[in-house]
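Trainee: What follows is a protein structure lacking sequence information:
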């Protein structure tokens with residue numbers, strides 16, 4: 001199996017995951033088809049776990065057999081073979097009854113060095129008795145290997161204090177790790193957030209920025225935990241955070257959805273749901289997803305979406321009161337979504353361009369790629385001109401720009 005040759009050096013590719021489990025590569029300049037790569041049959045349906053490096057290598061992740069802790073990683077390199085397996089799942093009798101269960105579900109990401117991979121995992125040892133979790137000891141581990149999974153080089157090892165699983169399920173009361181990395185692979189930084197899933201909502205404990213400095217990975221705690229990274233750049237000095245609604249138990253509009261841009265430690269609100277839509281009284285949320293910075297960092301784009309379709313019946317929020325004018329505004333806004341909007345970092349509340357559809361990514365400094373009616377279209381942000389590509393894609397998760 002050959003790796004797609006790709007366009008000449010310096011050109012950008014649009015990759016599309018097709019329904020027949022193949023990845024097709026197109027030139028981002030003229031949308032010419034270059035080559036198609038067949039994924040292994042086991043990777044079918046794993047679109048959310050597919051990663052593509054800047055060099056055009058493909059990595060797909062899926063479960064290994066029936067064991068939920070083990071993972072198989074497929075690589076698009078004919079010299080290496082497709083498959084690596086990682087993870088841990090072990091159960092032994094505990095000294096005073098029950099079992100000690102050791103588990104680890106690794107994440108694997110590309111590196112800017114095409115010959116190496118990054119690995120991350122929470123290695124947990126859970127004391128379990130009578131189908132109840134009693135306590136857990138967790139160690140967060142990060143390391144790199146070559147593409148064979150060999151030549152291990154440690155990046156980080158962070159032990160968490162032993163935690164009592166008060167509800168009988170450790171994930172409800174004990175911290176876990178979420179790793180955030182650049183989509184195309186790790187250059188010299190990544191982020192790590194400690195969080196507790198809880199019973200009714202996620203609790204975020206803290207976020208660290210890991211940066212490569214003088215050949216060593218050094219961590220720095222951010223002033224406040226970050227819920228969700230949408231994009232990141234400039235060695236971790238710039239990133240976009242998505243703050244979701246805190247609603248639970250069937251309610252979706254209990255708080256204010258926001259997006260924030262962080263630059264060198266300073267934050268700017270770039271989207272505020274309540275300020276824009278004034279939708280306090282009705283149980284529908286307007287939120288941003290898939291926000292992306294332009295290559296030069298001067299602009300950003302996001303998909304604006306809602307929790308209800310245009311023809312949905314809108315109920316009052318938990319503490320809302322009837323407000324006909326507000327309801328009419330909400331229904332009109334729903335009829336225009338989803339929509340992609342582009343804004344300037346210098347004027348983060350002013351929309352400079354927009355188009356119905358869902359954002360894929362920036363193609364270059366002035367063009368963005370959008371899924372509109374299951375077809376990829378290109379919007380020139382400066383002129384407002386839309387160009388059809390003729391390339392089909394079922395959604396933004398099925399398209400990649402590299």
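Mentor: Okay, I see it. These figures come from a predicted structure and were not determined experimentally. Numbering: from 1, shown residues only.
Trainee: Going by C-alpha atoms from here, please, whenever you check contacts or count neighbours.
Mentor: Will do.
Trainee: Which helix or which strand is home to the residue nearest the centre of the chain?
Mentor: When the chain is reduced to its mean C-alpha position, the nearest residue by C-alpha atoms, centre = their mean turns out to be residue 230, at 6.7 Å. Element membership for residue 230, per DSSP states H and E: strand 229-233.
Trainee: Work out the sheet partners of that strand and label each with its direction, please.
Mentor: Here strand 229-233 has these sheet partners by DSSP bridges: strand 238-243 (antiparallel).
Trainee: Skip ahead from the partner strand and say which helix or strand is next.
Mentor: Following strand 238-243 in sequence, per DSSP H and E, is strand 258-263.
Trainee: residue ranges of the strands in the stretch 151-300 of the chain, please?
Mentor: Shown for the stretch 151-300 of the chain, the strands assigned by DSSP state E, counting those that start in this stretch span residues 153-159, 163-164, 176-180, 189-196, 203-213, 216-221, 229-233, 238-243, 258-263, 266-272, 286-293, 299-306.
Trainee: Residues in contact with the second one: which ones?
Mentor: Taking C-alpha atoms under 8 Å, 6 or more residues apart in numbering as the criterion, the residues outside strand 163-164 that touch it are 134, 135, 136, 137, 170, 173, 174.
Trainee: out of those, which are inside helices?
Mentor: Members of the contacts of strand 163-164 lying in helices (criterion: DSSP state H): none.
Trainee: right, and the pair among those residues with maximum separation?
Mentor: Taking C-alpha to C-alpha as the measure, the contacts of strand 163-164 span a maximum distance of 12.6 Å, between 137 and 173.
Trainee: follow-up on the earlier one: for residue 112, which of the strands of the stretch 151-300 of the chain is the nearest?
Mentor: That would be strand 189-196 among these, by C-alpha to C-alpha, at 10.7 Å.
Trainee: roughly how far out does the lowest-mean-pLDDT helix or strand in the chain sit from the chain middle?
Mentor: Ranking every helix and strand in the chain by mean pLDDT, DSSP states H and E puts strand 67-75 at the bottom, with a mean of 78. Between the centre of strand 67-75 and the centre of its chain there are 19 Å (C-alpha atoms, centre = their mean, to the nearest Å).
Trainee: ok, now stretch 216-232?
Mentor: 14 Å.
Trainee: okay, how far is it across that stretch, tip to tip?
Mentor: End-to-end distance for stretch 216-232, by C-alpha to C-alpha, to the nearest Å: 21 Å.
Trainee: quick one: buried residues of it?
Mentor: Buried residues in stretch 216-232, counted by 16 or more other C-alpha atoms under 10 Å: 217, 219, 225, 226, 227, 229, 230, 231, 232.
Trainee: for the record, mean pLDDT for that stretch?
Mentor: The average of the pLDDT scores along stretch 216-232 is 98.
Trainee: Contacts for that stretch, please.
Mentor: 155-156, 180-182, 193, 204-212, 238-243, 289-293.
Trainee: Quick check: of the buried residues of stretch 216-232, which lies closest to residue 188?
Mentor: Using C-alpha to C-alpha, residue 217 comes nearest to residue 188 of the buried residues of stretch 216-232, at 8.6 Å.
Trainee: Show me what that closest one bridges to in the sheet.
Mentor: Beta-bridge partners recorded for residue 217 (DSSP bridges): residue 212.
Trainee: Could you do residue 392 as well?
Mentor: Using DSSP bridges, the bridge partners assigned to residue 392 are residue 375.
Trainee: pretty sure it contacts residue 376?
Mentor: Yes - assessed by C-alpha atoms under 8 Å, residue 392 is found in contact with residue 376 at 6.1 Å.
Trainee: Who has more neighbours out of the two?
Mentor: residue 376 (26 against 18; other C-alpha atoms under 10 Å).
Trainee: wait, the more buried one sits on residue 387?
Mentor: No - taking contacts as C-alpha under 8 Å, residue 376 lies outside contact range of residue 387: 9.1 Å.
Trainee: now the contacts of strand 163-164 in TSV, with distance to residue 88 and pLDDT?
Mentor: As requested, those are exported to TSV (distance: C-alpha to C-alpha, whole Å; pLDDT from 0 to 100):
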residue	distance to residue 88	pLDDT
134	20	98
135	18	98
136	15	98
137	15	98
170	17	96
173	22	96
174	19	98
